[in-house]
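Chemist: missing the sequence, but the structure's below:
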């Protein structure tokens, strides 16, 4: 096996590091607005809004036209490809709205989950075949980071070794391709919260997921200083009968990272997941940043529903509610910005 390889050219390394430096600036995180058409449709249906392209555009417009002060806490936004080329009512492209606010545009580039045949109902993600071509276009059109999501289900038989290996290699190939196109790869290996498993089980699985991921990144010669990680917090399954404190979550999460994530990785931006509400996501992030353990990476947020849920419930598709919904978005952004610094007081921003 040859050990000769090259990392990206020094100028590409510098470009990737500069993008990351802006994304993980103190007190800032990412607004994840990259829900697929199906997923955003489920959220719109919850507030009785029809899942049409126009309604999806209006919802994303509400997010991207919030007061520019949002950039105090939001450094980047992940877009779904459909959203990337949409415009506001006045004709301004969404990309420009973000850039005018100092928010770095990114894009979701996996094309969805597909069955991992031969497994026990496990999945991998597709979209590698034309990824280089798409990344080159996205970079030209103003995107500077890209996200790829793989998922892992906890059960008596899963995740399997097959799923751990396959998804790690898929994520590593994604990262390598992105860096070649001068795009920061944003890796999302999500351990799902479905199930009755306890915190210890989630921790062990997450450690395995991340250990396989970083082995694959090494095998594929990915430049770690030019990557970002979007993992789950270590939490028990949603049906677990044991109640764990934010301090328990923080201890398990940071311990997991210390055991698996190299300090060369500059930033870890947690997903909020389906197991916690907006306030819990802020409180847990704050606990992670205050736990008495070494933290060689910036630990912040890449939240979707934990930034958007209250705003969506207020908006309900009514233009008269836009301003009030945006005010709630700003409050949650501020709460999470403070939490990323370990300075959030639970319940202080409502």
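Modeler: Great, that's in hand. Quick caveat: nothing in here was measured; it's all calculated off a predicted structure.
Chemist: residues contacting residue 139?
Modeler: Each residue near residue 139 by C-beta atoms under 8 Å, 6 or more residues apart in numbering is listed here: 181-183. Yep, even glycine has a C-beta here, placed from its N, CA and C like the rest.
Chemist: Of these, which is the most crowded?
Modeler: residue 183 (25 neighbours; other C-beta atoms under 10 Å).
Chemist: For it, which residues are in contact?
Modeler: Residue 183 touches 135, 138-139, 143-146, counting by C-beta under 8 Å, 6+ apart.
Chemist: mind listing which of those residues are in helices?
Modeler: 135, 138-139 (DSSP state H).
Chemist: Mind picking the one among those residues that's closest to residue 162?
Modeler: residue 135 (27.5 Å; C-beta to C-beta).
Chemist: tell me the contacts of the closest one?
Modeler: So residue 135 contacts 109, 146, 177-178, 181, 183 (C-beta under 8 Å, 6+ apart).
Chemist: all helices for the stretch 51-200 of the chain, in order.
Modeler: When assigned using DSSP state H, counting those that start in this stretch, the helices of the stretch 51-200 of the chain occupy the ranges 53-64, 81-84, 94-100, 131-140, 161-180, 199-219.
Chemist: Pull out the buried residues from the fifth one.
Modeler: Applying a neighbour-count criterion of 16 or more other C-beta atoms under 10 Å, one finds 162-164, 166-179 buried in helix 161-180.
Chemist: Residue ranges in the stretch 251-350 of the chain under the pLDDT threshold?
Modeler: Counting by pLDDT under 70, the stretch 251-350 of the chain shows no low-confidence range.
Chemist: Low-confidence regions, the chain specifically.
Modeler: Those would be 1-2, if you go by pLDDT under 70 across the chain.
Chemist: same thing but 80
Modeler: The chain contains residues with pLDDT under 80 at 1-3, 274-275, 350.
Chemist: quick one, strands of it?
Modeler: 29-33, 74-79, 104-108, 113-115, 123-125, 145-152, 184-191, 228-229, 267-270, 298-303 (DSSP state E).
Chemist: Let me have those strands in CSV, adding distance to residue 45 as columns.
Modeler: Formatted as CSV, the strands of the chain follow (distance: least, C-beta to C-beta, whole Å):
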stretch, distance to residue 45
strand 29-33, 18
strand 74-79, 21
strand 104-108, 21
strand 113-115, 20
strand 123-125, 23
strand 145-152, 22
strand 184-191, 23
strand 228-229, 31
strand 267-270, 26
strand 298-303, 21
